[in-house]
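Trainee: here are the coordinates; sequence isn't available:
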């Protein structure tokens with residue numbers, strides 16, 4: 001199917017979204033955490049009337065390496081390519097020590113997603129290969145769809161890049177099982193993304209960190225509909241900055257809830 005037709009079908013399938021509304025008040029949440037970045041939030045809880053809010057529109061349209069947020073798409077690619085059978089397949093740790101203790105053990109898909117276990121996904125990338133990865137990325141319309149890299153992992157060290165706005169569009173299609181993969185695989189990946197849940201909501205999300213900047217992307221499922229978010233911040237203090245990703249996002253989502261009550 002020609003890409004222009006595929007993009008048109010995807011556009012028609014998604015709710016019509018109004019122009020983003022800049023939220024100057026959200027700057028206070030970034031300032032409180034001494035952070036510089038952007039966040040895009042799309043609230044679809046009112047049927048057929050999604051609302052899009054943004055802090056720092058210019059940065060929201062700037063592409064960055066997806067880092068470990070790419071594990072969402074990468075897992076779909078690995079399942080489709082047969083690099084992994086299901087969430088129960090075990091990947092044996094080779095004994096090489098990594099800086100994060102959660103990586104120093106056998107893994108399955110669920111633990112690899114939760115711990116952002118790079119060595120598992122490095123194996124997927126090797127099995128899939130660059131040519132097939134490029135084809136998947138183009139079919140997904142994922143950022144610039146470029147998996148080339150001189151050295152390292154293409155989703156961290158390579159040319160692959162995506163905007164916060166594009167992250168939202170990708171997540172919306174996944175939420176609706178509209179990506180070019182089987183529904184079973186899309187449902188499995190959404191299950192792997194669950195961070196927390198109670199009687200009233202489910203939070204599905206994935207962190208990412210390139211070193212200089214970090215991501216937190218996902219959505220909250222409410223009985224009335226989903227609220228999508230994609231946050232990207234600079235991390236000059238490296239590991240000590242990482243908790244700010246969730247802190248800022250949760251504070252902003254809380255302001256939205258209070259406005260609707």
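Mentor: Right, received. Where do you want to start? Computed from a prediction, not measured in an experiment: that's the story for all the values here. Residues are numbered from 1 along each chain as shown.

Trainee: all strands of the protein, in order?
Mentor: 21-22, 37-43, 51-55, 194-197, 202-209, 213-222, 225-234 (DSSP state E).

Trainee: compare those strands and give me the one nearest residue 182.
Mentor: strand 202-209 (18.5 Å; CB to CB). Where you see a C-beta, it was placed from the backbone N, CA and C, and this is true even at glycine.

Trainee: who touches the closest one?
Mentor: Residues from elsewhere that reach strand 202-209 (CB atoms under 8 Å, 6 or more residues apart in numbering): 66-72, 113, 116, 190, 193-197, 214-221, 235, 242, 245-246.

Trainee: please list only the buried members of these.
Mentor: Buried positions within the contacts of strand 202-209, assessed by neighbour count (16 or more other CB atoms under 10 Å), are 66-72, 113, 116, 190, 193-194, 214-221, 235, 242, 245.

Trainee: hey, which helix or strand in this protein has the poorest pLDDT?
Mentor: Lowest by mean pLDDT, DSSP states H and E among the helices and strands of the chain is helix 3-13, with a mean of 48.

Trainee: where in the stretch 1-150 of the chain is pLDDT low?
Mentor: Applying pLDDT under 70 to the stretch 1-150 of the chain picks out residues 1-18.

Trainee: ok, which stretches of it are helices?
Mentor: Assigned by DSSP state H, counting those that start in this stretch, the helices in the stretch 1-150 of the chain fall at 3-13, 27-32, 57-60, 71-81, 109-115, 118-128, 130-140.

Trainee: the fourth one vs strand 202-209, what angle?
Mentor: Helix 71-81 runs at 100 degrees relative to strand 202-209, counting by axes from the mean of the first three to the mean of the last three CA atoms, to 10 degrees.

Trainee: residue 195 reaches residue 219, doesn't it?
Mentor: No: Residue 195 is beyond contact range of residue 219, at 10.7 Å (criterion: CB atoms under 8 Å).

Trainee: so how many other residues sit close to the residue nearest to residue 65 when sequence neighbours are not counted?
Mentor: Closest residue in space to residue 65, ignoring its immediate chain neighbours: residue 210 at 4.7 Å, by CB to CB, 6 or more residues apart in numbering. By the measure other CB atoms under 10 Å, the count of residues near residue 210 is 17.

Trainee: same thing with residue 114?
Mentor: Residue 114 has 16 nearby residues by other CB under 10 Å.

Trainee: and it, how far from residue 68?
Mentor: Going from residue 114 to residue 68 by CB to CB, to the nearest Å gives 11 Å.

Trainee: could you do residue 110 as well?
Mentor: For residue 110 relative to residue 68 (CB to CB), the value is 15 Å.

Trainee: residue 125 now?
Mentor: Separation of residue 125 from residue 68 (CB to CB) stands at 13 Å.
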